[in-house]
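*Asks:* Predicted model and sequence below, questions to follow.
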Amino acid sequence: MATYRYFTLEDDDPLYSVKKQFRVISDSYQRILEKSQSMTKTLDGDLDVNLGSIYEAYDYTVRVRHTEPDTNYGTLADLEYFYSLNSPTASPSCKLKFVDHHGNQKTVIMTRQLQPKIVGVVLEGVTASYMVPVSLQVLPGA
């Protein structure tokens, strides 16, 4: 299985789709499985446990430039564009095609906060870089 140092995001706009790769800081990758569950203690001391679906999410830190000379790779503005997609029924929608670093494809939405941190002292241009935590929630059955 091939391993890449980037993941790909693509919107679902039928006329002008935006597709960009994002460089991953390798030690930042986390695959998260979250189980829907509730557990309460009953009056007689037993546990009442209810289990539901298991959801998958990914957390990455990516390094993006303010201005990217390689058009395959996304900039800070591209990342903000994907994050700004906020409606599941609009076109493009908030549902993004995600291809992970192994080439596996899933449908995701961007969650949590987008907090770019500048790396260095240059704020604009090719030499301006940002580290950005990215959280992606996999949509089950999509």
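*Replies:* Right, received. Where do you want to start?

*Asks:* which SS state does Q137 fall under?
*Replies:* strand (DSSP: H, G, I helix; E, B strand; the rest coil).

*Asks:* Give me the pLDDT value at it.
*Replies:* Listed pLDDT for Q137 reads 98.

*Asks:* Could you report the distance from it to T42?
*Replies:* 33 Å (CB to CB, to the nearest Å). Where C-beta positions appear, they are placed from N, C-alpha and C, glycine not excepted.

*Asks:* ditto for P14
*Replies:* Look at P14 and T42: by CB to CB, they are 53 Å apart.

*Asks:* Please apply the same query to N72.
*Replies:* For N72 relative to T42 (CB to CB), the value is 57 Å.

*Asks:* same thing with D78?
*Replies:* 52 Å.

*Asks:* And the two? Which one has more around it.
*Replies:* Counted by other CB atoms under 10 Å, D78 and T42 do not tie: D78 has more neighbours, with 18 against 8.

*Asks:* Pretty sure S36 sits in a strand.
*Replies:* Yes - assessed with three-state DSSP, S36 lies in a strand.

*Asks:* Spatially nearest residue to it (excluding sequence neighbours)?
*Replies:* Nearest-residue entry for S36: G52, 3.3 Å, with adjacent residues in sequence omitted and distances by CB to CB, 6 or more residues apart in numbering.

*Asks:* mind listing what that neighbour touches?
*Replies:* G52 is in contact with K35, S36, Q37, counting by CB atoms under 8 Å, 6 or more residues apart in numbering.

*Asks:* go again using 10 Å as the cut-off
*Replies:* K35, S36, Q37, S38 (CB atoms under 10 Å, 6 or more residues apart in numbering).

*Asks:* Check what pLDDT it gets.
*Replies:* So G52 comes in at 91 (pLDDT).

*Asks:* in the sheet, who's paired with the closest residue to K117 other than its chain neighbours?
*Replies:* Among residues not flanking K117 along the chain, M131 sits closest, at 5.0 Å (CB to CB, 6+ apart). Beta bridges link M131 to R63, K117, judged by DSSP bridges.

*Asks:* Equivalent analysis for the one 5 residues further on, please.
*Replies:* When bridges are called by DSSP bridges, L136 pairs up with Y58, M110.
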